[in-house]
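*Asks:* how does the following fold in three dimensions:
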Amino acid sequence: MPAATVDHSQRICEVWSNNLEEELKRIRQVIRKYNYIAMDTEFPGVVARPIGEFRSNADYQYQLLRCNVDLLKIIQLGLTFMNEQGEYPPGTSTWQFNFKFNLTEDMYAQDSIELLTTSGIQFKKHEDEGIETLYFAELLMTSGVVLCDGVPPLALPDSSQAAAAKSPAWQTNAGAGTASCLKRFPSVPSGYDFGYLIKILSNANLPEEEVDFFEILRLYFPVIYDVKYLMKSCKNLKGGLQEVAEQLELERIGPQHQAGSDSLLTGMAFFKMREMFFEDHIDDAKYCGHLYGLGSGSTYVQNGTGNAYEEEANKQQS
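*Replies:* Numbering: from 1, shown residues only. The predicted model follows:
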């Protein structure tokens, strides 16, 4: 586990359009040794729901995600880098990317924007100095962060074979990882995290079918562990990201409901959960690649209508 006494003053780096290239150069160096990536995204709420007939509840869940990701813009992305032991690089471990967002032109849910504003999101600065997603995608694609395969299982922290050539393994918290506008993370699946990143990287709307979404997901992010999905196997561990952190006796660094701080806390939670509940060995076949609430990770079933899934998502707005 990371040392208890470290200097946190430079732990989270704010990235805007003027320092994007410089910080991604730093990330290219960091990821060579610290290739466990915890992620969080902030986006402007849930504004739409699909209508019509759906083959299954799982189909409805994906279409709910797809229509909102297609309509909305990402506001923040937090990436935290760690090694196999959960240790951070010296100095900065977390980069908070702030994207261009205009409250006059872009769609959003009002209550989500109010929460984000209260949490310290500077929307005027996002409008004036925010990162263009197309340029970000161009730089990220060549950073070594995505489009890597041959990744050793995230579950095997002591496997040191070909350590220098390891590709990134991603963790997300399934909801705080999906958006700070949703106050807790048990309900909204981490598909939103990856949905927004896939939209940015491909410069296209999400595919119509969930199976195609997972194919693209595996291409960009070969190893994924969803903290909320892992929680299904953790006795007595429940609640939102902050509640889980308190149960795990973790201390947050930075402001709650911002992507950098939430991604950092997600990484802490992953390694603490791995230690406490999985004896430092997570079954790759059982947990890798599952997103809570989507595909085989789906848990929201109510008469085949998908209503429970939508209600859980909307509940986080209150």
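*Asks:* which intervals of the stretch 151-300 of the chain have sub-threshold pLDDT?
*Replies:* 151-167, 173-189, 296-300 (pLDDT under 70).
*Asks:* and the strands in it?
*Replies:* Per DSSP state E, counting those that start in this stretch, the stretch 151-300 of the chain carries strands over the ranges 169-172, 224-226.
*Asks:* in this structure, what residue spans correspond to helices?
*Replies:* 20-30, 57-71, 110-118, 123-129, 133-141, 191-202, 210-220, 227-231, 241-247, 259-277, 284-287, 307-315 (DSSP state H).
*Asks:* check what pLDDT the nearest residue to Pro255 once chain neighbours are set aside gets.
*Replies:* Counting by CB to CB, 6 or more residues apart in numbering, Gly120 is the residue found nearest to Pro255 once chain neighbours are left out, at 5.1 Å. For the C-beta atoms, the positions are set from N, CA and C on the backbone; glycine is no exception. What the model reports as pLDDT for Gly120 is 96.
*Asks:* any idea how many residues pack against Gln171?
*Replies:* 28 (other CB atoms under 10 Å).
*Asks:* that one contacts Tyr36, doesn't it?
*Replies:* Yes. Shown here, Gln171 and Tyr36 form a contact pair, counting by CB atoms under 8 Å, at 6.9 Å.
*Asks:* follow-up on the earlier one: so which of the helices of the chain comes closest to Pro44?
*Replies:* The minimum distance between Pro44 and the helices of the chain falls on helix 110-118, with 5.3 Å, by CB to CB.
*Asks:* the closest one - contacts with which helices or strands?
*Replies:* helix 123-129 (3 or more CB pairs under 8 Å, 6 or more residues apart in numbering; DSSP states H and E).
*Asks:* rewinding a little: give me the number of residues near the residue nearest to Pro255?
*Replies:* Counted with other CB under 10 Å, residues neighbouring Gly120 total 13.
*Asks:* contacts only, for it.
*Replies:* Counting by CB atoms under 8 Å, 6 or more residues apart in numbering, Gly120 makes contact with 255, 257-258.
*Asks:* repeat that with 10 Å
*Replies:* 180, 254-258, 261 (CB atoms under 10 Å, 6 or more residues apart in numbering).
*Asks:* could you do Cys67 as well?
*Replies:* 46-51, 205-206.
*Asks:* pick the one among those residues closest to Pro222.
*Replies:* Leu206 (18.9 Å).
*Asks:* the closest one contacts Ile200, doesn't it?
*Replies:* No. Assessed by CB atoms under 10 Å, Leu206 is found out of contact with Ile200, at 11.3 Å.
*Asks:* list the contacts for Ser93?
*Replies:* 2, 6, 8, 10-13, 30, 34, 38, 79-82, 87, 253, 260, 263-264, 267.
*Asks:* for PyMOL, what selects the buried ones among those?
*Replies:* This is how PyMOL selects the buried members of the contacts of Ser93, with burial counted by 16 or more other CB atoms under 10 Å:
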select buried, resi 11+12+13+30+34+38+79+80+81+82+87+253+260+263+264+267
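*Asks:* now, the contacts of Ser93 that are in strands?
*Replies:* 12-13, 38, 79-82 (DSSP state E).
*Asks:* tabulate the residues you listed (TSV), appending pLDDT and distance to Asp111.
*Replies:* Putting these into TSV (pLDDT from 0 to 100; distance: CB to CB, whole Å) gives the following:
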residue	pLDDT	distance to Asp111
Ile12	97	26
Cys13	97	29
Ala38	93	26
Leu79	94	27
Thr80	94	27
Phe81	94	32
Met82	93	33
